[in-house]
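Visitor: Take this sequence and fold it.
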Amino acid sequence: MPPESAASAAPRTGAAPEDAVPAGPGAGTQRTEARARAVRNRTLLVYASRLAVLVLVLGLWEWSARTGVIDPFNFSMPSKIWDQIRQWTMHGTPQGPLGEQIWYTLYEALYGWVIGVAGGVVLGIALGRIPFLSDVFGPYVKVLNAMPRIVLAPIFLIWFGLGPASKVASAVVLVFFPVFFNAFQGAREVDRNLVANARVLGASNRRVTLQVVIPAATSWIFTSLHVSFGFALIGAIVGEYIGATKGIGLLVSASQGTFNAAGVYAAMVILAVVALIAEGLLTYLEKRLFRWKPAQPGAER
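Guide: Reported below is the predicted structural model:
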């Protein structure tokens, strides 16, 4: 081999491939920063895409109503819905201030949600832990769950009147069953080795339930809380729609009675905002309580 070829074939000292991963104490920090940038970029892309979809839908709706593609009397349009919300905010609704209507519905939903969650968790854990109670009450729970519970709202209205009690009762029956079945399944799915080890260490049934079963079932219970609060709002709204003196459901009913499509949609938008805020608070609380859990695969994508 010629000297020039041998020299060119020999590896050059100090030369590094351009695509080589940098080594050294700062390599890990650089990789962490790169992942963080990727996560931020993806988050921004997701939010920008959501905003673009919303703008596209609202713009298409507004254009269709203004050009006569859809009937603006029946379908209304985003600009009229915004004007209705602004009018309610500044001048109030026929039933009173808008904030009072929102608080009335939120109060009924929260009250019913708390009662339904408490009852569902207690009975779900009890029946999941005690087979005898499960065998006795299981068929009754299944029968009640099979009933169309939303039709109970008129019965509650007859029993409890136009006040908040009938709406709270409607919210309770809608919230109870999803929470109950998740708590029941969570109590049944507890690792038997954990229960056996606790008993070996001398734990009583009460301590096993409080210190092993309930913490293990908490993930199951929190899964149902996200869905159940939406059910609580539905129960309160349906009860108000059938008969009430205040609330967002009454706004929907009154707007429908006057053929005010913008009012119906405006009340729905307000309800959606309330539900999203509640969902965000539940998600934040869940993340705070379950910081010890490892991140799911793909969560940082």
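Visitor: could you say what helices and strands the helix or strand hosting Ile221 packs with?
Guide: Ile221 is part of helix 214-242, with elements assigned from DSSP states H and E. Judged by 3 or more CB pairs under 8 Å, 6 or more residues apart in numbering; DSSP states H and E, helix 214-242 is in contact with helix 98-129, helix 152-160, helix 164-188, helix 248-257, helix 261-289. Where C-beta positions appear, they are placed from N, C-alpha and C, glycine not excepted.
Visitor: For Ile70, which of those helices is the nearest?
Guide: Each of those was checked against Ile70 via CB to CB, and the shortest separation belongs to helix 261-289, namely 11.0 Å.
Visitor: Relative to the whole chain's centre, how far out is the helix holding Ile221?
Guide: Computed by CA atoms, centre = their mean, to the nearest Å, the separation of helix 214-242 from the middle of its chain amounts to 9 Å.
Visitor: Which parts of that helix count as buried, going by neighbours?
Guide: Along helix 214-242, the positions that meet the burial threshold by neighbour count (16 or more other CB atoms under 10 Å) are 214, 216-218, 220-225, 228-242.
Visitor: Please identify the most buried of the helices and strands packed on helix 214-242.
Guide: Taking mean count of other CB atoms under 10 Å as the contact definition, the stretch among the helices and strands packed on helix 214-242 with the greatest mean neighbour count is helix 164-188, which reaches a mean of 24.
Visitor: Would you mind getting the angle between that one and helix 214-242?
Guide: Here the directions of helix 164-188 and helix 214-242 differ by 150 degrees (axes from the mean of the first three to the mean of the last three CA atoms, to 10 degrees).
Visitor: So which elements touch helix 164-188?
Guide: In this structure, helix 164-188 packs against helix 98-129, helix 131-146, helix 152-160, helix 214-242, with contacts taken as 3+ CB pairs under 8 Å, 6+ apart.
Visitor: In TSV: the ones you listed, plus distance to Tyr47.
Guide: TSV is the format used below for these (distance: least, CB to CB, whole Å):
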stretch	distance to Tyr47
helix 98-129	26
helix 131-146	38
helix 152-160	38
helix 214-242	20
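Visitor: Turn those helices into CSV, including mean pLDDT and distance to Asp71.
Guide: Written out in CSV, the entries for the helices and strands packed on helix 164-188 read as follows (pLDDT from 0 to 100; distance: least, CB to CB, whole Å):
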stretch, mean pLDDT, distance to Asp71
helix 98-129, 89, 27
helix 131-146, 84, 39
helix 152-160, 88, 31
helix 214-242, 83, 24
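Visitor: Report the spatially closest residue to Phe231, excluding sequence-adjacent ones.
Guide: Taking CB to CB, 6 or more residues apart in numbering as the measure, Phe231 lies nearest to Leu174, with 3.9 Å between them; neighbours along the chain are not counted.
Visitor: ok, the one you found to Thr258 distance?
Guide: Leu174 sits at a distance of 28 Å from Thr258 (criterion: CB to CB, to the nearest Å).
Visitor: Same check on Tyr107?
Guide: 26 Å.
Visitor: ditto for Thr223
Guide: When CB to CB is applied, the distance between Thr223 and Thr258 equals 41 Å.
Visitor: now swap in Leu285 and tell me
Guide: Computed as CB to CB, the Leu285 to Thr258 distance reads 40 Å.
Visitor: One more: Ala272?
Guide: Remark: distance between Ala272 and Thr258 (CB to CB) = 22 Å.
Visitor: sorry, back to before: and the angle for the helix holding Ile221 with helix 261-289?
Guide: Angle, helix 214-242 to helix 261-289, by the same axes, to 10 degrees: 170 degrees.
Visitor: max-length helix in this protein?
Guide: Once the chain is assigned using DSSP state H, the helix that runs over the most residues is helix 27-67.
Visitor: Packing partners of that one?
Guide: Using 3+ CB pairs under 8 Å, 6+ apart, the elements in contact with helix 27-67 are helix 72-75, helix 78-91.
Visitor: Which of those has the lowest mean pLDDT?
Guide: In terms of average pLDDT, helix 72-75 trails the rest of the helices and strands packed on helix 27-67, at a mean of 87.
Visitor: gap between it and the chain center?
Guide: Put simply, helix 72-75 sits 31 Å off its chain's centre (CA atoms, centre = their mean).
Visitor: In contact with the residue most central in space within the chain, which residues?
Guide: When CA atoms, centre = their mean is applied to the chain, the residue found nearest the centroid is His226 (3.6 Å). His226 sits next to Glu279, Leu282, Thr283 when contact means CB atoms under 8 Å, 6 or more residues apart in numbering.
Visitor: Need these in CSV (columns: pLDDT).
Guide: Shown next, in CSV, are the contacts of His226 (pLDDT from 0 to 100):
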residue, pLDDT
Glu279, 79
Leu282, 77
Thr283, 79
